[in-house]
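Q: Whatever this is, show me its structure:
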Amino acid sequence: MAGPNNRFIKKQKTEKRLKKRQEKEQKKSDRKENSTGGGFDSMIAYVDKFGNITSEPPVERDEEKEETEEKSQ
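A: From the prediction side, this is the model:
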């Protein structure tokens with residue numbers, strides 16, 4: 001009589017395993033849909049002339065550009 005009982009237990013285990021896998025996939029898709037992004041733009045950091053890290057790109061002045069052009073000529 002161990003045969004039929006053994007098949008029932010195996011069936012329960014496989015159903016439990018499949019259900020767990022489906023729940024995991026559901027959680028994964030929910031996290032993916034609700035993510036805040038984390039794109040490349042949000043990861044960029046800039047360093048200002050004083051060595052402080054900022055999220056804003058540095059502003060180049062026209063005077064600095066003209067000075068570098070004059071030195072190169």
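Q: Spatially central, which residue of this protein would that be?
A: residue 38 (5.0 Å; C-alpha atoms, centre = their mean).
Q: which SS state does that residue fall under?
A: Secondary structure, DSSP: H, G, I helix; E, B strand; the rest coil: residue 38 is coil.
Q: Okay, strands next: where are they in this structure?
A: 46-47, 53-54 (DSSP state E).
Q: Please name whichever of those strands is nearest to residue 21.
A: Nearest of the strands of the chain to residue 21, taken as C-beta to C-beta: strand 53-54 at 42.6 Å. C-beta: built from backbone N, CA, C; applies to glycine.
Q: What is the burial count for residue 46?
A: The number of residues packed near residue 46 is 11, by other C-beta atoms under 10 Å.
Q: again, but for residue 26
A: Residue 26: 10 neighbours (other C-beta under 10 Å).
Q: before we move on, what about the one 10 residues further on?
A: Residue 36 has 6 neighbours, counted by other C-beta under 10 Å.
Q: Likewise for residue 61?
A: Count around residue 61 with other C-beta under 10 Å applied: 9.
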